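one predicted model, sequence on top.
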Amino acid sequence: MSEHSVASVADAATTVPTHEGRTVRLLGLALQFPGREDIFVPVPPKGATPAPFTLKEGTECRAVVRFHVDGPSVTGLKVIDVRSMSGVEIGGREVMLGDFRRGGPYELALPPERVPSGPRARGIYDVYAALIDAEGRVLDRHDYRFEVKRDWEKPVR
């Protein structure tokens, strides 16, 4: 994704308020890793600060977005995410999902990505994911946090 695209993705999500009569509800996100259990990212209550979860640097990850269309059909639906670390925006992406009619829940897997790696990539990332319609209206938004570490956390026993 080019720097210009990332800026436009960030601008779209930060300058356009969530559509009041929203017709799409983001139900949650899941992160899939080869050979590991999925990580489910619940949608926290409005205003709550989500607790970060751990991701191992350099691993391949596929996000799965779940949503429901409550109102009339929605056209040109896309999902964006914008990532920042220590208050500095460092990237994001925009994926076209398509047109959807009332109903669901719909569950779509996004193209896989690799978790950043190296000492400078380790730390806590703040992310927001938004569902946006063809007119650029933010229909729903979900904030979450993750921490990139050298290895997966050991389970507490």
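Received, thanks. Numbering: from 1, shown residues only.

can you get me a residue count around the residue nearest to Ala121 when sequence neighbours are not counted?
Setting aside the residues directly before and after it, Ala121 is nearest to Val148 in space (C-beta to C-beta, 6 or more residues apart in numbering), at 5.5 Å. In short, each C-beta sits where N, CA and C put it, glycine included. A count of nearby residues for Val148, using other C-beta atoms under 10 Å, gives 21.

any idea what Val148 is bridged to?
Going by DSSP bridges, Val148 is paired in beta bridges with Leu55, Gly123.

and Val41, by the same measure?
Where Val41 sits in a bridge, its partners, by DSSP bridges, are Leu29.

give me the number of residues near it?
Applying the criterion other C-beta under 10 Å, we find 21 residues in the vicinity of Val41.

my guess is it contacts Leu31. True?
Yes. With contact defined as C-beta atoms under 8 Å, Val41 and Leu31 form a contacting pair (6.8 Å).

now the strands for this structure?
Ranges of strands within the chain are 24-32, 39-42, 53-56, 60-69, 74-85, 88-100, 103-109, 113-114, 123-132, 138-149, based on DSSP state E.

can you list those in CSV and add mean pLDDT?
Conversion of those to CSV gives the following (pLDDT from 0 to 100):
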stretch, mean pLDDT
strand 24-32, 91
strand 39-42, 84
strand 53-56, 91
strand 60-69, 94
strand 74-85, 94
strand 88-100, 94
strand 103-109, 94
strand 113-114, 94
strand 123-132, 92
strand 138-149, 92
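
ok, Arg145 - contacts?
Contacts here follow C-beta atoms under 8 Å, 6 or more residues apart in numbering; on that basis Arg145 touches 49-53, 124-127.

ok, now Leu131?
Contacts for Leu131 were tallied using C-beta under 8 Å, 6+ apart; they are 24, 26, 65, 67, 77-79, 97, 138-141.

pLDDT wise, what is Thr14 at?
Note on Thr14: pLDDT of 41.

name the residues of stretch 29-46 that come out as buried.
Along stretch 29-46, the positions that meet the burial threshold by neighbour count (16 or more other C-beta atoms under 10 Å) are 29, 31-33, 39, 41, 43.

many thanks, we can stop here.
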